[in-house]
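Visitor: predicted coordinates and the sequence they were generated for:
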Amino acid sequence: MTITVIGGEPSGLASMVADLIEQNLARDPPRRALLRRSVAVLDVPDADVTVFLRIERDGIRVGDGDVPDAHLRIRSDSGRLLDLTTAPLRGGLPDPLRPEGRAIVGDLLLRRIRIGGLLRHPVRLVRLTKLLSVADGDR
Amino acid sequence: MPEFPTEEWFQAFIEAVDASEEYAEYAATWEGDAVIHVEAEPDKGIATDVRGLLDLWHGGCRGGGIVDEARADSAEFVIRAPYSRWKDVIRGDLEPVKGLVQGKLRVRGDLPKILRYTKGTQELAYIAGQVDTTFPDEP
């Protein structure tokens, strides 16, 4: 399994996403089961950064820019995007029974965080969320 | 008034961090030393790289100061940027989380741990801005 950052000078977000997933998988190898074909785009307008992830069973490629075939498109400011990784999860989604999870749900309802593909690809979203999560466990 | 990034400045910063009630709250369970690596910019008065260590522990800062490369390399976390970027952070012109996403600040260390303490990181930047500071490239 390999995680590759594409491009000579990747953005901070591209490097962080690759490092984060690599460290999460090293610490918690069963998460490798989450590697199923999926394409996601993370769009962070306040930092003027857009990153894509191509996830396959045998590895992940991360790079800067948009791609047309994304199943999931997450748009948020930098702070909230990182909050997504720390929110406690329940069933792979932010836990509405805990304050940090409720804050994320509120941001979704107020469209401060937008997730394109949420309804069409919920399983892919859960897998991506679990891959990126640094929260303790999933209830 | 201490000049950034001198030993005098780091001692003033360390004292301010240790006195901060907000930082104590956000980083109450944090354990680990961190290095602020200031990359040289000779044309701005910084002839060589400077590495300032912060011995951060349970919401306080037990000490630190300018260290050599070998000691900095052994720190749990290193956040690195050119002098001008750090100046932007101290002045509040660059929010650290956005800087990390953009790659203007680069971090080495346990990324999941850093992400769990982003409020603490932001508070450190705020505290740095509260230290009365002069800069070598300004009269």
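Guide: That came in fine, so what should we check first?
Visitor: enumerate the residues of chain A near chain B.
Guide: A:10-13, A:15-16, A:19-20, A:23-24, A:27, A:44, A:46-49, A:78-79, A:81-83, A:85-86, A:134 (Cβ under 8 Å from any Cβ of the partner chain). To be clear about C-beta, it is placed using only N, CA and C from the backbone, and glycine gets the same treatment.
Visitor: strands - which of those land there?
Guide: Among those, DSSP state E puts A:44, A:49 in strands.
Visitor: can you pull the contacts of residue 83?
Guide: No chain in the question, so chain A it is. Residues near residue A:83 by Cβ atoms under 8 Å, 6 or more residues apart in numbering or on different chains: A:100, A:103-104, A:107, B:118.
Visitor: I was after chain B.
Guide: Contacts for residue B:83 (Cβ under 8 Å, 6+ apart) come out as B:5, B:38-41, B:44, B:46.
Visitor: quick one: which of the residues you listed is most hemmed in?
Guide: residue B:5 (25 neighbours; other Cβ atoms under 10 Å in any protein chain shown).
Visitor: does it belong to a helix, a strand or coil?
Guide: Using DSSP: H, G, I helix; E, B strand; the rest coil, the structure places residue B:5 in coil.
Visitor: hmm, it is touching residue B:86, no?
Guide: Yes. If you go by Cβ atoms under 8 Å, residue B:5 and residue B:86 touch, sitting 7.0 Å apart.
Visitor: which SSE is immediately downstream of the strand or helix carrying residue B:13?
Guide: Using DSSP states H and E, residue B:13 sits in helix B:7-19. Going down the chain from helix B:7-19, the next helix or strand is helix B:21-26, by DSSP H and E.
Visitor: okay, buried residues for that next one please.
Guide: For helix B:21-26, the neighbour count (16 or more other Cβ atoms under 10 Å in any protein chain shown) marks B:23-24, B:26 as buried.
Visitor: please enumerate the helices of the chain.
Guide: Went with chain A since none was named. A:12-27, A:78-86, A:99-109, A:122-132 (DSSP state H).
Visitor: please go with chain B instead
Guide: Here chain B has its helices, by DSSP H, at B:7-19, B:21-26, B:69-73, B:83-91, B:96-102, B:111-116, B:118-130.
Visitor: isn't residue B:24 up against residue B:56?
Guide: No. Counting by Cβ under 8 Å, residue B:24 sits too far from residue B:56 to count as a contact (10.9 Å).
Visitor: picking up where we left off before, including mean pLDDT, could the helices of chain A go into CSV?
Guide: Shown next, in CSV, are the helices of chain A (pLDDT from 0 to 100):
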stretch, mean pLDDT
helix A:12-27, 95
helix A:78-86, 93
helix A:99-109, 93
helix A:122-132, 96
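Visitor: pick the most deeply packed of the helices of chain B.
Guide: Mean neighbours per residue, mean count of other Cβ atoms under 10 Å in any protein chain shown, is largest over the helices of chain B for helix B:96-102, with a mean of 23.
Visitor: chain center to that one, what's the gap?
Guide: On the basis of Cα atoms, centre = their mean, to the nearest Å, helix B:96-102 sits 14 Å off its chain's mean C-alpha point.
Visitor: outside of it itself, list whatever touches it.
Guide: Under Cβ under 8 Å, 6+ apart, the answer for helix B:96-102 is A:11-13, A:16, A:44, A:46-49, A:78-79, A:81-82, B:81, B:85, B:88-89, B:105-107, B:118, B:121-122, B:124-125.
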